[in-house]
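[1] okay, predicted coordinates and the sequence, questions at the end:
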Amino acid sequence: QLPNFDILSLKDFPDYQAPLETGKTFKENAILKARHAAKALSQWVIADDSGLVVPALKGEPGVFSARYAGNDASDTDNRKKLLDKMAHLAGQDRSAYFECCIALASPEDLKKVACATCEGFILDKEKGGGGFGYDPLFVKHEYNKTFAELEESLKNRVSHRRKALDKILLSLESLA
């Protein structure tokens, strides 16, 4: 709980135009987005970038996770492309992880960046109806369900995003 902060989202700033994500890493994109929004909005900003990394595919889909099958691709299109590219892979080669980097910036400068991962593997077919993105394909280590099968509250406790956010919260608490 952060009682001293008013939490807003980009929906509160409908005229804001986000920058292109030109970074080569999640960290670079998170920093780019946080700095841009903080300056443009004259507000403290938390921005994130995250996605799925498959080492056997040389890091794909990586920073292109949301647009892996093209700029206008749906989650289904992206999952299909991933499954097609991984069709020949088995065992350890199906290892994958989600990564999230969150950047905290003031209008003057970048204050903190925190990154975290969630390791697991990719199934050869979709399971579950919850979540979004690659959730129906990703099974976190020590769990026997995809992210799309897990209860949302459990997924939110063990995800890469939660781990990164917990690290950033320490910096926010010190500001209060």
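    Arrived safely, thanks for sending. Numbers count the residues shown, from 1 in each chain.
[2] surely residue 137 meets residue 146?
    Yes - judged on Cβ atoms under 8 Å, residue 137 makes contact with residue 146 at a distance of 6.6 Å. To be clear about C-beta, it is placed using only N, CA and C from the backbone, and glycine gets the same treatment.
[3] identify the bridge partners of the residue nearest the centre of the chain.
    In the chain, the C-alpha nearest the mean C-alpha coordinate belongs to residue 50, at 2.4 Å (Cα atoms, centre = their mean). Following DSSP bridges, residue 50 is listed with bridge partners residue 100.
[4] so what pLDDT did it get?
    For residue 50, the pLDDT comes out at 97.
[5] contact partners for it?
    26, 65, 98-101, 160-161, 164 (Cβ atoms under 8 Å, 6 or more residues apart in numbering).
[6] which one of these is nearest to residue 11?
    Of all the contacts of residue 50, residue 161 has the smallest distance to residue 11: 18.6 Å, by Cβ to Cβ.
[7] please name every helix or strand in contact with the host helix or strand of the closest one.
    Taking DSSP states H and E as the definition, residue 161 sits inside helix 160-175. Identification of packing neighbours for helix 160-175 by 3 or more Cβ pairs under 8 Å, 6 or more residues apart in numbering; DSSP states H and E yields strand 45-53, strand 95-105, strand 110-122.
[8] how far does that helix sit from its chain's centre?
    15 Å (Cα atoms, centre = their mean, to the nearest Å).
[9] check stretch 25-39 too.
    For stretch 25-39, the distance to the chain centre is 13 Å (Cα atoms, centre = their mean).
[10] low pLDDT regions in the protein?
    1-3, 176 (pLDDT under 70).
[11] and the nearest residue to residue 127 once chain neighbours are set aside, what are its phi and psi?
    Closest residue to residue 127 apart from its sequence neighbours, by Cβ to Cβ, 6 or more residues apart in numbering: residue 146 at 4.8 Å. Per-residue torsions, residue 146: phi -70, psi 160 (degrees, to the nearest 10).
[12] so what's residue 67 closest to, chain neighbours aside?
    Per Cβ to Cβ, 6+ apart, closest to residue 67 is residue 73, 5.9 Å.
[13] report how many residues lie close to that neighbour.
    For residue 73, the count of nearby residues is 16 (other Cβ atoms under 10 Å).
[14] test my guess that residue 26 contacts residue 102.
    No - in this structure residue 26 lies outside contact range of residue 102 using Cβ under 8 Å: 9.5 Å.
[15] overlap of the contact sets of those two?
    In contact with both residue 26 and residue 102: residue 115, using Cβ under 8 Å, 6+ apart.
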